[in-house]
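Asker: Pasted the sequence and its predicted model underneath.
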Amino acid sequence: MPLQADLSWLIAAVLLGPFVGSFLGLMSLRLPEGQPVALARSACPSCGRTLGPLDLVPILSFVLLRGRCRTCAASIPSRYLALELSCAALALWSMLVHPSAQGFLGALLAWQLLLLALLDAEHLWLPRMLTLPLIVSGLAVAAAQGSLFEHALGAGLGFAGLSLLALAYRRLRGREGLGGGDAYLLAGGGAWCGALALPSILLIGALSGLAFVLIQRARGQVVAGDQPLPFGVFLAVGVWLTWLYGPLGLS
C-alpha cells in the first residue's frame with residue numbers, strides 16, 4: 001500500500017480516537033446506571049447544563065476549561081481525558097504495528113475491548129449489548145477477508161469452552177468462578193482472532209491475571225481466594241495482544 005494511503009489511515013484513526021474515547025467515557029458512566037446513551041444530550045452532572053459544541057472537543061476542551069464546567073466550575077470526570085488519550089494511543093499502537101486498513105480495524109477492536117475492560121474492572125459486568133457486537137464485528141471482518149469459517153469456529157469454541165469451564169467449577173466448588181460475560185468475551189476474541197488463537201488468548205489472560213495478583217500482594221493487598229476478579233480485563237489484554245502480534249508460537 002502506498003505511503004500516502006498508510007498515513008491517511010493513521011491520521012484518521014488517531015484523530016477519531018479521542019472522539020471515541022469521549023463517547024466511551026459517557027457510556028461507562030451511563031450504562032451501569034441504566035441511563036440512555038445514544039439519544040440523550042451530554043450535560044454537566046452537577047448543574048445539568050447541556051453541553052455545547054465547544055465543551056465537547058476531546059482533550060482540548062478539558063485542557064482549556066482546566067477540567068471544570070464553564071457554568072458551575074464543578075470538576076469534569078478525569079476519565080474522559082484518560083479515555084480520550086487512551087483511545088488515541090491504542091489507535092496509534094495498532095497503526096504502527098499494522099500500517100494499513102488492518103490497523104484501523106485493530107483500533108476498532110481496541111476501543112471495544114477498552115470499554116468492556118473498564119466496565120468489568122469497575123462493576124464486574126460484561127453486558128451482552130457490548131459483547132454481542134464484538135462477536136458480530138469480528139465475524140464481519142473475517143467474512144470480508146475470506147476466513148469466516150475459522151473465525152466462526154473460534155467464536156463457537158471460545159463460548160463453549162468457557163461456558164463448560166464455568167459449569168464445571170460451579171458443580172465442583174458450589175459457587176460461581178467465572179461470570180457469564182467472560183464466555184461471550186472469549187467468543188468475541190475467537191471471532192476476531194480465529195480458533196487457533198484461543199490458547200494464546202487464554203494464556204496471556206491467565207498470565208495477566210496472575211501478574212495482577214502478585215502485584216497486589218507485593219503492595220500488601222492480599223487477594224482472597226473467594227474474591228471476585230475482573231477476568232474480562234485480562235481476557236481483553238489477551239485478545240488485543242493476540243490480534244496485534246499473532247498467536248503465541250504461531251507468529
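Answerer: Noted; the coordinates are in hand. Residues are numbered from 1 along each chain as shown.
Asker: Under the pLDDT cut-off, which ranges of this protein? List them.
Answerer: Residues of the chain meeting the criterion pLDDT under 70: 1-5, 177, 224-225, 250-251.
Asker: Output the contacting helices and strands for the longest helix along it.
Answerer: Scanning the chain for the helix with the most residues, using DSSP state H, yields helix 3-30. Packed against helix 3-30 by the contact rule (3 or more CB pairs under 8 Å, 6 or more residues apart in numbering; DSSP states H and E) you find helix 79-97, helix 101-123. Backbone N, C-alpha and C define where each C-beta goes, glycine included.
Asker: and of those helices, who's closest to residue 34?
Answerer: helix 101-123 (12.1 Å; CB to CB).
Asker: Please point out which parts of the closest one sit buried.
Answerer: Neighbour counts over helix 101-123 (16 or more other CB atoms under 10 Å) mark 102-120 as buried.
Asker: Okay, domains of this structure per the record?
Answerer: With domains defined by automatic domain parsing, the chain comprises 1-99, 124-251.
Asker: How far away from the center of its chain is the first one?
Answerer: Think domain 1-99. 15 Å (CA atoms, centre = their mean, to the nearest Å).
Asker: again with the longest one
Answerer: With CA atoms, centre = their mean as the basis, domain 124-251 stands 12 Å off its chain's centre.
Asker: on that earlier part again, which elements pack onto the helix or strand just after the longest helix of the chain?
Answerer: With elements assigned by DSSP states H and E, the helix or strand that comes after helix 3-30 is helix 60-64. Counting contacts by 3+ CB pairs under 8 Å, 6+ apart, helix 60-64 is packed against helix 79-97.
Asker: Could you pull out the buried residues of the helix it packs on?
Answerer: Buried-residue list, helix 79-97, by 16+ other CB under 10 Å: 79-81, 83-88, 90-95.
Asker: what does stretch 25-45 give?
Answerer: By neighbour count on 16+ other CB under 10 Å, the buried set for stretch 25-45 is 25, 26, 27, 28, 29, 31, 44.
Asker: now do stretch 195-203
Answerer: Buried-residue list, stretch 195-203, by 16+ other CB under 10 Å: 195, 196, 197, 198, 200, 201, 202.
Asker: What of stretch 123-142?
Answerer: For stretch 123-142, using 16+ other CB under 10 Å, the buried residues are 125, 126, 127, 130, 131, 134, 135, 137, 138, 139, 141, 142.
Asker: mind listing the helices for the stretch 151-251 of the chain?
Answerer: 180-193, 198-218, 231-245 (DSSP state H, counting those that start in this stretch).
Asker: Any chance of JSON lines for these, columns distance to residue 170?
Answerer: Output for the helices of the stretch 151-251 of the chain, formatted as JSON lines (distance: least, CB to CB, whole Å):
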{"stretch": "helix 180-193", "distance to residue 170": "11"}
{"stretch": "helix 198-218", "distance to residue 170": "19"}
{"stretch": "helix 231-245", "distance to residue 170": "15"}
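Asker: Can you check which of these gets nearest to residue 37?
Answerer: Nearest of the helices of the stretch 151-251 of the chain (CB to CB): helix 180-193, 18.4 Å.
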